[in-house]
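> Provided below are the primary sequence and the corresponding predicted coordinates.
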Amino acid sequence: MFNSWVHNGAVNKAVGQFFNPDGTLIHIPARSSKKVEVLKLIAKRFQAEVVYTERELNQILSEIHPDTAAIRRHMIVFGIMERDAKSNYWLTQE
């Protein structure tokens, strides 16, 4: 489960502080470096090489935070996910 690795020591305190014990995001960090780390942690909820529709992506993100549009947008801006013209999303190759 998502919250088990957020709060079991697998994630450093600087990033873990943004998550509730149940694994939901308290708020999106303002500082870019922390925001990227939080987004990378959220990205672990997705499978590599799988293309998600916007609806599927929103369903997964809504389990973490109600502002799915902001998280989607940040994931694109910071290069964690890519999007096509038909609103399909996938993780970028690192």
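Nice, I can see it.

> tell me the contacts of Ala14?
34, 37 (C-beta atoms under 8 Å, 6 or more residues apart in numbering). Where C-beta positions appear, they are placed from N, C-alpha and C, glycine not excepted.

> Which helix or which strand is home to it?
Assigned by DSSP states H and E, Ala14 belongs to helix 13-16.

> Can you show me the CA trace of that helix as PDB?
The C-alpha trace of helix 13-16 is given here as PDB (Å, rounded to 0.1, in the frame of the first residue of the first chain):
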ATOM      1  CA  LYS A  13      11.500  13.100   6.300                       C
ATOM      2  CA  ALA A  14      11.800  16.100   4.100                       C
ATOM      3  CA  VAL A  15       9.400  14.500   1.600                       C
ATOM      4  CA  GLY A  16       7.400  12.300   4.000                       C
END
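
> State the helix or strand in which the residue nearest the centre of the chain lies.
Residue closest to the mean C-alpha point of the chain, counted by C-alpha atoms, centre = their mean, is Ile42 at 2.8 Å. Assessed by DSSP H and E, Ile42 sits inside helix 32-43.
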